[in-house]
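Chemist: Pasting the sequence and the predicted model now:
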Amino acid sequence: MHQHHDWRLFLSLAHTQSFTKTAHQLGLARSSVSQAIGTLEDKLGMRLFHRTTRSVTLTDAGQALFDRIRPYLPKLTAISMKF
């Protein structure tokens, strides 16, 4: 998966706290979002979200990552639209 797409999924899930809402926002299947987040967590070697049957919340590591990359999303979006 394209890295920019990974970060958009991560940021959207952190914001919505719902795999279903994130999938709907981005026009993806819920299973695709879940799989992509799992793959991102595997690549980074850390759990980013706490998952229960009723909620999705950021772990401490996920919150730290969210705080670091959120300011860069508009620039990443602008760059990806040019290429």
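Modeler: Looks like it came in fine. Residues are numbered from 1 along each chain as shown.

Chemist: Which parts of this protein are strands?
Modeler: Taking DSSP state E to define them, one finds strands in the chain at 49-51, 56-58.

Chemist: quick one: contacts for residue 61?
Modeler: The contact partners of residue 61, taken as Cβ atoms under 8 Å, 6 or more residues apart in numbering, are 46, 47, 48. For the C-beta atoms, the positions are set from N, CA and C on the backbone; glycine is no exception.

Chemist: go again using 10 Å as the cut-off
Modeler: 41, 44, 45, 46, 47, 48, 49 (Cβ atoms under 10 Å, 6 or more residues apart in numbering).

Chemist: Equivalent analysis for residue 20, please.
Modeler: 30, 33, 34, 56 are the contacts of residue 20 under Cβ under 10 Å, 6+ apart.

Chemist: with those in mind, which one is nearest to residue 22?
Modeler: Lowest distance from residue 22 to the contacts of residue 20 (Cβ to Cβ) belongs to residue 33, with 5.2 Å.

Chemist: ok, the most centrally placed residue in the chain to residue 25 distance?
Modeler: Most central in the chain under Cα atoms, centre = their mean is residue 10, positioned 0.9 Å from the mean C-alpha point. Distance, residue 10 to residue 25, by Cβ to Cβ, to the nearest Å: 13 Å.

Chemist: Equivalent analysis for residue 34, please.
Modeler: 14 Å.

Chemist: of these two, who's got more company?
Modeler: residue 34 (19 against 16; other Cβ atoms under 10 Å).

Chemist: Leaving out the residues flanking it, which one is nearest to that one?
Modeler: Closest residue in space to residue 34, ignoring its immediate chain neighbours: residue 19 at 5.5 Å, by Cβ to Cβ, 6 or more residues apart in numbering.
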